[in-house]
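S.K.: I'll drop the sequence and a predicted model, then ask my questions.
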Amino acid sequence: MKILVINKLLKAHHKEHILKTASEIGGSVLFVESEAEIPDEYQDCEIIYGFGMGNVARNKNLKWISVPSAGVDYLMKPGVFANEDCLITNSTGAYGVTIAEHIIAVSLLMMRKLDYSYSESLKAIWSSPKPQRSLKDSRILVLGTGDIGCCFARRAKAFEPHSITGVCRSGMCKDRSFDRVFKTDSLDELLPETDLLVMSLPDTPETRNILSRERIALLPNDAYVVNVGRGSAIDEDALADSLDSGRLAGAALDVFKTEPLPDDSRLWNTKNLIITPHVAGNLTLEHTLDVNVRMFCENLLNYGKGLPLKNLIDKNKGY
């Protein structure tokens, strides 16, 4: 059983964990930092842990790809796999902590006007106080109640908001941090009651442009928007119009329809918009990397023993 690991961020103890696990099921492991380093003898590997699009497209022997990310939309396109029966698992569950902290950080940055104070300090200006807002008593709407949405809700609860409402496809979530949970078709009724909208959705046909121009107009004046899911979920021009006009108080986007964000994108010059380059949930946080490797090794044991894999992607749903 050939196992190809494509990840330049792994530390020695991560590699040792993977090697030990592979030995328990009779697997041989090759670590590379990029696809360009894959030797001929591993082009027909059975398992990939990492990002190996070229090998996925060529390798008819590939049985399982374990993706270190939560999103797998790029693997859902027709013709990506040489072996269409290849199993896909993602790393949902590894990113909740880091992305939840990012959401809290940018929300406070906007509401406490810290972006303004910091930009003034770079010019050696002792800035005047600005009116501030608080997470306390805010009405928070979380669009997407998976691992990221739940991790955020649990942390946001400590700030004593007025309410935390979840919205998801099923309308059901067991996490008690949510005061109430609704199906997606209730979104139009909930947006007018929202001070902070947090979006953590995958890219699917149902989620694309879910925050349309019409729905942005339903948000109250001075509402905030944070998106850490997929850029396809928002009508970016409509959001920019609302920010430039001053109707919305602010937005923080970590994901965009086109990445990297083009130099000529109007978003770079949009008022009250915080832009981060898709860094809320990558593997730069040690905790995230540790959990990610641990999840893969657990699944690797399951695979070797013929047991069901966790985080198995439903190709029809796209997540």
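M.R.: Yes, it's here.
S.K.: quick one, helices of the protein?
M.R.: Assigned by DSSP state H, the chain shows helices spanning 12-24, 53-58, 96-111, 114-121, 147-156, 187-190, 213-216, 236-244, 286-304.
S.K.: most centrally placed residue in this protein?
M.R.: Against the mean C-alpha coordinate of the chain, by Cα atoms, centre = their mean, the closest residue is residue 229 at 4.4 Å.
S.K.: got the contact list for it?
M.R.: By Cβ atoms under 8 Å, 6 or more residues apart in numbering, the contact set of residue 229 is 144, 148, 199-203, 207, 255. Yep, even glycine has a C-beta here, placed from its N, CA and C like the rest.
S.K.: Out of these, which end up buried?
M.R.: 144, 148, 199-203, 207, 255 (16 or more other Cβ atoms under 10 Å).
S.K.: related to what we said a few turns ago, how about the helices of the chain in TSV, adding distance to residue 172 and mean pLDDT?
M.R.: Output for the helices of the chain, formatted as TSV (distance: least, Cβ to Cβ, whole Å; pLDDT from 0 to 100):
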stretch	distance to residue 172	mean pLDDT
helix 12-24	34	98
helix 53-58	34	90
helix 96-111	18	98
helix 114-121	36	96
helix 147-156	12	98
helix 187-190	16	98
helix 213-216	22	98
helix 236-244	29	98
helix 286-304	24	97
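S.K.: and stretch 307-319, C-alpha only, in CSV?
M.R.: Extracted C-alpha coordinates of stretch 307-319, given in CSV (Å, rounded to 0.1, in the frame of the first residue of the first chain):
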residue,chain,number,x,y,z
LEU,A,307,-13.7,0.3,8.5
PRO,A,308,-15.8,3.4,7.4
LEU,A,309,-13.8,6.6,6.9
LYS,A,310,-14.7,9.7,8.9
ASN,A,311,-15.4,13.0,7.1
LEU,A,312,-16.3,11.1,3.9
ILE,A,313,-17.4,13.5,1.2
ASP,A,314,-20.8,13.0,-0.4
LYS,A,315,-20.0,13.8,-4.0
ASN,A,316,-23.6,14.6,-4.8
LYS,A,317,-23.8,17.3,-2.0
GLY,A,318,-20.3,18.5,-2.5
TYR,A,319,-19.4,18.3,1.2
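S.K.: Centre of the chain to it, how far?
M.R.: Relative to the centre of its chain, stretch 307-319 is centred 17 Å away, using Cα atoms, centre = their mean, to the nearest Å.
S.K.: Go ahead and name everything in contact with it.
M.R.: Contacts with stretch 307-319, where a contact means Cβ under 8 Å, 6+ apart, come from 64, 72-73, 75-76, 87-93, 202-205, 295, 298-299, 301-303.
S.K.: Could I get the buried residue list for it?
M.R.: Of the residues in stretch 307-319, those buried (16+ other Cβ under 10 Å) are 309, 311, 313, 318-319.
S.K.: Could you do stretch 187-194 as well?
M.R.: Buried-residue list, stretch 187-194, by 16+ other Cβ under 10 Å: 187, 190-191, 194.
S.K.: cool, stretch 147-166 as well?
M.R.: Residues of stretch 147-166 classed as buried by neighbour count (16+ other Cβ under 10 Å): 147-157, 159, 161, 164-166.
S.K.: and that stretch, how far apart are its ends?
M.R.: One end of stretch 147-166 sits 12 Å from the other (Cα to Cα, to the nearest Å).
S.K.: Let me see the contact set for the nearest residue to residue 95 once chain neighbours are set aside.
M.R.: Distance criterion Cβ to Cβ, 6 or more residues apart in numbering; nearest residue to residue 95, sequence neighbours excluded, is residue 281 at 4.2 Å. Residue 281 sits next to 69-70, 95, 98-99, 102, 148, 228, 254, 288 when contact means Cβ under 8 Å, 6+ apart.
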